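Participant: What shape does this take:
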Amino acid sequence: MRLIRFAVAAVVAGALLAGGSASAATVRHNPLRTPQFDGAVFATAYLGDTVYVGGSFANAIVNGRGVPRTRLAAFNARTGALLDWAPSADDTVRALAADGHSVYASGDFQRVSGVQRDSLAKLDAATGAVDAFSHGVTGSVVALGVGGGRLYVGGRFTAIDSSRRTNLAAFSTTTGELDPRWAPTTDDAVGAIAVTPKRVYLGGGFHRTNGVANSLRLTAVDPVDGSLDPGFLPRPPAVVLAVAVGADGTVYAGMGGQGGRAAAYGPAGKLRWTRVFDGDVQAVAALGGVAYVGGHFDRACTTLRNGSQGVCTDGSSPRVKLAAVGAAGQLLDWAPQANGIVGVRTLAAGESLHQLTAGGEFTTVGGASQKRLAVFG
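Facilitator: Sure, this is the predicted structure:
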């Protein structure tokens, strides 16, 4: 983990931290009834009333019984019922994105439902059938985003098929072809992507985007031509592990470092608030004006200061693997208390259902059995 360099805005952020817990319209603490899983959940994605799940599991668990689902599954978000959708991947699925009638998956796999697919696949959202969409990836894809007729991918790679691409690429969702115009670059891996109509936000450990100095860790590029947006250069102090964008345009980032932190930025890149935790913030989602964060932390720090191994030095509140932050940066009362070392790896918001789905390596929530997936509504 990397040492955090405190930003100039720390004084402002520290003032926001001092307020402690407050009430707001969050989802409920208790999970809804849904399938659970016998292995890690790395990715979730909403498409209407359906939640798609990817990870390293071999079975979904329904009423205590294992139902075969090899690294890919889906369930009804309203009823919690496991669906018949059951493509299979031969290795871990690390990212999902859903749009229209399709679900996109990326990860460590080489085959999906027996069909050769190099780290990237397109599946029918209703049947799970593997689409003809197929490309060779020289490296690994760990982040997906979809919008405006394009699938955006990020990771650590040097080429798609025979075309040079440095950690970023895009494809037409209509034809499946590699987009010849969209070819931004970074000097290190891209671990998170968030797509809006006017910007594609990138998060990771990179220090240069399109070769521009100090365009580091969290940047925005044009969704059509990939040019760097000079109006958004927040320069966060640690590696960015997750990115989400709220309905009002606020950009939320989850970070690692000495402990971990979550931060909110305005559309011009100005810091709005920061919250510090005693472990990495690996996932972030925005829902109803609230920022939800997940990771392998156990406590939310009272101030920006933390010490060795991320320990909060000026007091803290218990927030085991999950927390919620209000619009002014105040820590909210929502505290489901998951468990585990790695904890929460992914969060997804179902806006029309006012739901939050959390996936990871936890096995309990609030002291009750809840294996690796939880939905809060």
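Participant: low-confidence ranges in the chain?
Facilitator: 1-24 (pLDDT under 70).
Participant: how near is residue 41 to residue 56?
Facilitator: To residue 56, residue 41 is 8 Å away according to CB to CB, to the nearest Å. In short, each C-beta sits where N, CA and C put it, glycine included.
Participant: Buried residues, stretch 36-51. List them.
Facilitator: 36-37, 39-47, 50-51 (16 or more other CB atoms under 10 Å).
Participant: next one: stretch 282-291
Facilitator: 282, 283, 284, 285, 286, 287, 290, 291.
Participant: Skipping adjacent residues, who's closest to the fourth one in space?
Facilitator: Going back to what we said before, that points to residue 285. Using CB to CB, 6 or more residues apart in numbering and skipping residues adjacent in sequence, the residue nearest residue 285 is residue 347, 3.9 Å away.
Participant: Surely the one you found forms part of a strand?
Facilitator: Yes - judged by DSSP: H, G, I helix; E, B strand; the rest coil, residue 347 forms part of a strand.
Participant: Please verify my assumption that it contacts residue 290.
Facilitator: No - here residue 347 lies out of contact with residue 290, judged by CB atoms under 8 Å, at a distance of 11.6 Å.
Participant: ok, residue 143 touching residue 195?
Facilitator: No - Residue 143 lies out of contact with residue 195 (CB under 8 Å); the separation is 10.7 Å.
Participant: Of these two, give the one with the bigger neighbour count.
Facilitator: Neighbours were counted for residue 143 and for residue 195 using other CB atoms under 10 Å; residue 143 has more, 26 against 20.
Participant: quick one: strands adjacent to whatever helix or strand that one lives in?
Facilitator: Residue 143 is part of strand 137-147, with elements assigned from DSSP states H and E. Note on strand 137-147: by DSSP bridges, its sheet partners are strand 150-160 (antiparallel).
Participant: Need the contact partners of the helix or strand just after the strand it pairs with.
Facilitator: Following strand 150-160 in sequence order, the next helix or strand is strand 163-164 (DSSP H and E). Identification of contacts with strand 163-164 by CB atoms under 8 Å, 6 or more residues apart in numbering yields 158, 178, 180, 183.
Participant: Tell me how many other residues crowd the closest residue to residue 315 other than its chain neighbours.
Facilitator: Counting by CB to CB, 6+ apart, residue 315 lies nearest to residue 302, which is 3.9 Å off, once chain neighbours are set aside. The number of residues packed near residue 302 is 19, by other CB under 10 Å.
Participant: Contacts only, for residue 151.
Facilitator: 97, 99, 104, 144, 145, 170, 171, 172, 173.
Participant: one step back: show me the buried residues of stretch 282-291 that map onto strands.
Facilitator: Taking DSSP state E, the ones among the buried residues of stretch 282-291 that sit in strands are 282, 283, 284, 285, 286, 287, 290, 291.
Participant: could the residues you listed go into a markdown table alongside distance to residue 326?
Facilitator: Putting these into a markdown table (distance: CB to CB, whole Å) gives the following:
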| residue | distance to residue 326 |
| --- | --- |
| 282 | 21 |
| 283 | 18 |
| 284 | 14 |
| 285 | 14 |
| 286 | 12 |
| 287 | 12 |
| 290 | 6 |
| 291 | 8 |
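Participant: Out of the residues you listed, flag the one nearest to residue 332.
Facilitator: residue 290 (6.8 Å; CB to CB).
Participant: wait, residue 98 sits on residue 49?
Facilitator: No - counting by CB under 8 Å, residue 98 does not reach residue 49; the two are 11.9 Å apart.
Participant: What lies in contact with the strand holding residue 143?
Facilitator: By CB under 8 Å, 6+ apart, strand 137-147 touches 94-99, 104-108, 118-120, 151-160, 167, 173, 189-197, 200, 223.
Participant: which of the contacts of strand 163-164 lies closest to residue 259?
Facilitator: Closest to residue 259, out of all of these and judged by CB to CB, is residue 158, at 32.8 Å.
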